[in-house]
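Engineer: Pasting the sequence and the predicted model now:
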Amino acid sequence: MAAFTYDGLNRQGQNVHGEVVADTSVQAINKLREAGIVVTEMTEKGTKARSSKGRGKKVNTTQVAVFCRQLSVMLSAGVPITRALNTMAKQTENPRFAEAIENIAKNVESGMPLSDAFREYPKIFSKLFISMIAAGETGGILEQSLASLADQLQKEKNLQKNIKSAYSYPRNVGFMALFILVMMLAFMVPTFKNMMPKDAELNSLSAAIFAISDSLRGKPLVWLGCAAAIVITIVLIVKSKPAHALWENTKLTMPIFGTFITKMVVARFCRTLATLLAGGVTAVDALKSAGPTSGSDKIAKAVEKAISDIEEGKGIAESLDKSGLFPAMLIGMVAIGEESGTLPEMLDKVAEFFEEDVDATSRNLRSMIEPIALVVVGVLVGGMLIALYVPMLSASVSMGAQ
């Protein structure tokens, strides 16, 4: 439990000041609201002053989601937006995020619209975030928009977690295999070489392994430099426009992982579109934000073409279906949603279905990749051991024959 000092207004509209004990600032605000006090400012007692303003860690999705949830609660309690933002800035532990919130509060106080104030920090607040805030301002439903954003960001975090879990295992196994290979070349191979008779005949694989081991031990800095050069080259190639274009054109159709990536992209597209439509954003504006944030350039271009058709009067389902990129289930549910006027709810269900499918697929991929990775490591280690033992066995047979 923590102690918080607060300033607020009671039911009679009088200024009050006091102290309340709760687990979090949100719980403290709720406790005071039940007592008939609207909090205008709150500070945790004993909070250390932040240092190195603006130099904090990168603001992550979880921090933005918590910010949305707490700001929504404060606004629902009747706290003015600028006071709510200043209170959130004091409660935020990340100095970089806290400074951004403080500056946003100052800009709003000076007359800038809230959405424009958030737009000043594109590295923290996404296009989806800005669109939802703008819709909330226009429709007078800012509290609901912030609550929806918090839900969306949390679900996006869970989706990213599933994606990382699918790719982390083969990556970790690859690094482990490389580490084992280097350790064997540096320490085990020289031991075998010293045990081997000088006149032993070496096959080409054994000779290559001994040569690499000698070079690695004799010139480690050269090998480190080459490894660094290879890594930098790969990073530059991956970040280049031709490589990005190639990846975007093939990732949805590539073997094994293509289906997984498609489900992931569709889930993100549906969830974003559902959140925006539920927040009061028009269909065209919602699609303009949902397309680029889907994670696929091909989907974004398909949505762009669909928007042109929608502006000409065609239906959303019909316009999206033209690209052939979207699953039939999505198109069908969108059509039903358009007809019944429940498009956000239908998209939400589709997003939930594909998110669960991504979770199941990630588990299946791990179970499939696991034995393959173990076989690859076994072949590398076993192949090296065989290459080292064969010359020794040949030498032993030759000495026995003599």
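Structural biologist: Thanks, I have it. Predicted model only: the values in this text are computed from it and were never measured.
Engineer: The chain: strands as residue ranges?
Structural biologist: All strands of the chain, identified by DSSP state E, fall at 2-9, 15-22, 38-44.
Engineer: Which neighbouring elements make contact with the first one?
Structural biologist: The contact analysis (3 or more C-beta pairs under 8 Å, 6 or more residues apart in numbering; DSSP states H and E) places strand 2-9 against strand 15-22, helix 25-34, strand 38-44. C-beta: built from backbone N, CA, C; applies to glycine.
Engineer: please redo it, this time with the cut-off set to 10 Å
Structural biologist: strand 15-22, helix 25-34, strand 38-44, helix 81-91 (3 or more C-beta pairs under 10 Å, 6 or more residues apart in numbering; DSSP states H and E).
Engineer: lowest-confidence stretch among those?
Structural biologist: The minimum mean pLDDT among the helices and strands packed on strand 2-9 belongs to strand 38-44 (a mean of 70).
Engineer: which intervals of the stretch 151-300 of the chain have sub-threshold pLDDT?
Structural biologist: Where the stretch 151-300 of the chain drops to pLDDT under 70, the residues are 166, 197-200, 256.
Engineer: From the chain's centroid, how far away is stretch 76-94?
Structural biologist: Distance, stretch centre to chain centre, for stretch 76-94: 26 Å (C-alpha atoms, centre = their mean, to the nearest Å).
Engineer: measure it end to end?
Structural biologist: Terminal residues of stretch 76-94 lie 25 Å apart, using C-alpha to C-alpha, to the nearest Å.
Engineer: buried residues in it?
Structural biologist: By neighbour count on 16 or more other C-beta atoms under 10 Å, the buried set for stretch 76-94 is 76-77, 79, 81-92, 94.
Engineer: Would you map the helices across the stretch 301-402 of the chain?
Structural biologist: All helices of the stretch 301-402 of the chain, identified by DSSP state H, counting those that start in this stretch, fall at 316-321, 328-340, 343-401.
Engineer: want to throw these into TSV with mean pLDDT?
Structural biologist: Shown next, in TSV, are the helices of the stretch 301-402 of the chain (pLDDT from 0 to 100):
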stretch	mean pLDDT
helix 316-321	90
helix 328-340	90
helix 343-401	77
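Engineer: Just name the most buried of those.
Structural biologist: Most buried of those by mean neighbour count (mean count of other C-beta atoms under 10 Å) is helix 316-321; its value is a mean of 20.
Engineer: C-alpha coordinates for that helix, CSV please?
Structural biologist: What follows is helix 316-321, C-alpha atoms only, in CSV (Å, rounded to 0.1, in the frame of the first residue of the first chain):
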residue,chain,number,x,y,z
ILE,A,316,-16.7,-2.6,-47.6
ALA,A,317,-16.8,-6.4,-48.0
GLU,A,318,-17.1,-6.1,-51.8
SER,A,319,-14.2,-3.7,-52.0
LEU,A,320,-11.9,-5.7,-49.7
ASP,A,321,-12.7,-9.0,-51.5
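Engineer: Show me what it is packed against.
Structural biologist: Using 3+ C-beta pairs under 10 Å, 6+ apart as the contact test, the elements touching helix 316-321 are helix 283-290, helix 297-311, helix 328-340, helix 343-401.
Engineer: mind checking which of the ones you listed is nearest Leu178?
Structural biologist: helix 343-401 (9.2 Å; C-beta to C-beta).
Engineer: Report the distance from the closest one to the chain centre.
Structural biologist: Here helix 343-401 is found 25 Å from its chain centre; the criterion is C-alpha atoms, centre = their mean.
Engineer: of the buried residues of stretch 76-94, closest to Val59?
Structural biologist: Among the buried residues of stretch 76-94, Asn94 lies closest to Val59 (C-beta to C-beta), at 6.0 Å.
Engineer: export the helices of the stretch 301-402 of the chain to TSV and tack on distance to Ala228?
Structural biologist: Formatted as TSV, these follow (distance: least, C-beta to C-beta, whole Å):
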stretch	distance to Ala228
helix 316-321	46
helix 328-340	45
helix 343-401	22
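Engineer: Can you tell me which of these is nearest to Glu120?
Structural biologist: Of all the helices of the stretch 301-402 of the chain, helix 343-401 sits nearest to Glu120, with 28.9 Å by C-beta to C-beta.
Engineer: Can you tell me which helices and strands that closest one packs against?
Structural biologist: Helix 343-401 sits against helix 142-183, helix 189-195, helix 204-218, helix 257-278, helix 283-290, helix 316-321, helix 328-340, with contacts defined as 3+ C-beta pairs under 10 Å, 6+ apart.
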